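**Student:** Predicted model and sequence below, questions to follow.
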Amino acid sequence: MMLSANMAVYDFMKLHITSEKFIVEPVGDSENQRDLLVIDRISQEITLQSNEGQIPASAISKNIYGIVGILRLVAGPYLIVVTQRQNVGSIGGQHIWKVAKTEVISYKRSLTHLTEKQVSLNKSYLSLLDVMLTTESFYYSTTYDLTHTLQRLYNTSPDFQSLALHERADQRFVWNTHVLRELAQQPELAKFCLPMMLGNVSINACTINNHQVFYILISRRCIYRAGTRFNVRGVDMQGHVANFVETEQILQYEENICSFVQTRGSIPIFWKQKADLKRLPNPVVLDTDHLSAFQKHFDHQIYTYGSQVVVNLVNQDGAEKCLENTLSQVITSAQNKNIRYEPFDFHKECKRMRWDRLSILLDRLEPDRNRFGYFLQQRNQVSKTQSGVFRTNCVDCLDRTNVVQSLLARVTLQEQCVTLGILAPEQNVTSQTKFDSVFKNVWADNADIISKEYAGTGALKTDFTR
């Protein structure tokens, strides 16, 4: 899983700032220590140069941990760099980092070349950029491909292994592709190109039945049809849906590692729910052909993940009924043998806090869960693979979705623990009190983070998951 030294991205650098240049100097890389990334602030030329003492003593120098990219605004180009990071943990011995602080540095030394209106516009764009960069949910690794699931990484070709990190990354989950473009188009600069994902990474050292394990949860938010709740719903003509998130649960134990992948995404039909003065505006299904976009969406999902079980948790009466009816009709029209539909009226079935009734849904899904399986590698040999996913949705794909995903994850984790000999068949992972607390909090935190990214507020049903 570790990248070769030639493919890894620089982990630590010095940024030297002069009046005419940005000079990025890798630190601690003996083979390539002589290479400098030089950006001319005037001509905007980007070159890789040998270190021949061209860094002046008068340069302002600072430590950086990665280059996010270059963004062009009204005032001109801005260099975006990571200035602080937080170590989240490791996967397979490879460090995973969370971006803690960034800095946006203008190529221009002043704004005197701008009109008053341009200065105002530039300030507004910088404010929007700051909101995005302070999301506190950007993650990266310089030696591990965080955008891919374990199963995708182990199903790669030798050609894939030789690609630079930004080239081999799953582009659905790389949030700085656009701003990396100027660097990425020059192959010699690959070790400076740091792909970043948005979502959640939680890595926890735990004990289950006196066995030391790592429990890991990764949620990768898709860049396509990105936007906030009410403003972005449903599918587009290319088959991309709002709030699409791939969630991977990883269990690491001694020389064994296994993963279980689920997805969520807005109901893949054309619909809207524009915010107004109502507390909760009604969803509206558009009067158009949904089938083509629906098929594009699932063609890609099936190609990527295998068979699909669509778990639809919306209300089957009231304002949400139109969503359930239309989705059911489109699935019937599609006649795709790789798609099975499982509607479950979450609010009706679980009203008055009857969470125990979720077992009805789990029982219905159990044959599919057994059929799909999970990915397992034991002592560098793959012994199991996952052949399909549960694609869960409610209206927002947040609260109800997270509850059901956590239950499916727990049932699969139980099976994995028995398979690996962590638990005996008669033992239950829920009886492992300390670990159960970790599990619940990890999933509740995951719900909060995804909810804040899409809706701007924390999740509502964490009373169940916690």
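**Tutor:** Thanks, I have the structure now. Just so we're clear, the structure is a prediction, and the values are computed from it rather than from any experiment.
**Student:** Show me how far stretch 357-377 is from its chain's centre.
**Tutor:** 23 Å (Cα atoms, centre = their mean, to the nearest Å).
**Student:** Need the contact partners of that stretch.
**Tutor:** 149-151, 154, 256-261, 306-307, 309, 311, 340, 342, 344, 349-350, 382-390, 403-404, 407-408, 411-412, 415-416, 419 (Cβ atoms under 8 Å, 6 or more residues apart in numbering). Where you see a C-beta, it was placed from the backbone N, CA and C, and this is true even at glycine.
**Student:** in that stretch, what's buried?
**Tutor:** Neighbour-count burial for stretch 357-377, counted by 16 or more other Cβ atoms under 10 Å, picks out Leu358, Leu361, Leu365, Asp368, Arg369, Phe372, Gly373, Tyr374, Phe375, Leu376, Gln377.
**Student:** now do stretch 408-418
**Tutor:** In stretch 408-418, counting by 16+ other Cβ under 10 Å, buried: Leu408, Ala409, Arg410, Thr412, Leu413, Gln414, Glu415, Gln416, Cys417, Val418.
**Student:** So which of the contacts of stretch 357-377 belong to helices?
**Tutor:** 150-151, 154, 349, 403-404, 407-408, 411-412, 415-416, 419 (DSSP state H).
**Student:** Domains in the protein, by residue range?
**Tutor:** 13-192, 198-465 (automatic domain parsing).
**Student:** Spatially central residue in the protein, please.
**Tutor:** Arg220 (1.4 Å; Cα atoms, centre = their mean).
**Student:** how about that one, secondary structure?
**Tutor:** Under the three-state scheme (DSSP: H, G, I helix; E, B strand; the rest coil), Arg220 adopts strand.
**Student:** again, but for the one 5 residues further on
**Tutor:** Under three-state DSSP, the three-state class of Arg225 is coil.
**Student:** Any idea how many residues pack against it?
**Tutor:** Counted by other Cβ atoms under 10 Å, the residues lying close to Arg225 total 19.
**Student:** Give me the mean pLDDT for the helix or strand hosting Leu36.
**Tutor:** In the assignment (DSSP states H and E), Leu36 maps to strand 35-40. For strand 35-40, mean pLDDT rounds to 96.
**Student:** same check, this time on stretch 386-396
**Tutor:** 92.
**Student:** residue ranges for the helices of this structure, please.
**Tutor:** Going by DSSP H, the chain shows helices at 116-133, 150-154, 158-161, 165-168, 177-184, 291-305, 321-334, 346-349, 358-372, 399-419, 433-454, 462-465.
**Student:** Poorly predicted segments of the stretch 1-150 of the chain, please.
**Tutor:** Within the stretch 1-150 of the chain, the segments meeting pLDDT under 70 span 1-6, 29-33.
**Student:** ugh, wrong one, I meant the stretch 351-466 of the chain
**Tutor:** For the stretch 351-466 of the chain, the ranges with pLDDT under 70 are 397, 454-466.
**Student:** Could you find the closest non-adjacent residue to Asn15?
**Tutor:** Careful, residue 15 is Leu; it's not Asn. Residue nearest to Leu15 in three dimensions, not counting chain neighbours: Ile64, with 4.8 Å by Cβ to Cβ, 6 or more residues apart in numbering.
**Student:** who's in contact with that neighbour?
**Tutor:** Counted by Cβ under 8 Å, 6+ apart, Ile64 has contacts Phe12, Met13, Lys14, Leu15, Val24, Val81, Val82, Thr83, Glu103.
**Student:** and the closest residue to the third one other than its chain neighbours, how far is that from Ile17?
**Tutor:** Which is Lys14. Excluding its sequence neighbours, the residue lying closest to Lys14 (Cβ to Cβ, 6+ apart) is Glu25, at 4.4 Å. Going from Glu25 to Ile17 by Cβ to Cβ, to the nearest Å gives 12 Å.
**Student:** So the two - more neighbours on which side?
**Tutor:** Glu25 (20 against 15).
**Student:** Was I right to think the more buried one contacts Leu36?
**Tutor:** Yes. Here Glu25 reaches Leu36: they are 5.6 Å apart, a contact under Cβ atoms under 8 Å.
**Student:** Mutual contacts of the two, please.
**Tutor:** With Cβ under 8 Å, 6+ apart as the test, Glu25 and Leu36 both reach Asn51, Ile55.
**Student:** Quick check: Phe372 vs Glu415, distance?
**Tutor:** For Phe372, the distance to Glu415 - Cβ to Cβ - is 12 Å.
**Student:** Dig out what Ile23 forms beta bridges with.
**Tutor:** His16, Val38 (DSSP bridges).
**Student:** Quick check, it in contact with Ala59.
**Tutor:** Yes. Between Ile23 and Ala59 there is a contact at 7.0 Å, judged by Cβ under 8 Å.
**Student:** Find residues that contact each of the two.
**Tutor:** Common neighbours of Ile23 and Ala59 (Cβ under 8 Å, 6+ apart) are His16, Ile17.
**Student:** ok, these two, which is more surrounded?
**Tutor:** Neighbour count, other Cβ under 10 Å: between Ile23 and Ala59, Ile23 has more, with 21 against 16.
**Student:** Distance-wise, check the more buried one relative to Asp35.
**Tutor:** 11 Å.
**Student:** Then Gln86?
**Tutor:** Counting by Cβ to Cβ - Gln86 and Asp35 are separated by 28 Å.
**Student:** got it, and Arg400?
**Tutor:** 51 Å.
**Student:** go on, Leu150?
**Tutor:** 32 Å.
**Student:** Please say which of these two ends up with more neighbours.
**Tutor:** Using other Cβ under 10 Å as the criterion, Leu150 and Asp35 rank with Leu150 on top: 26 against 20.
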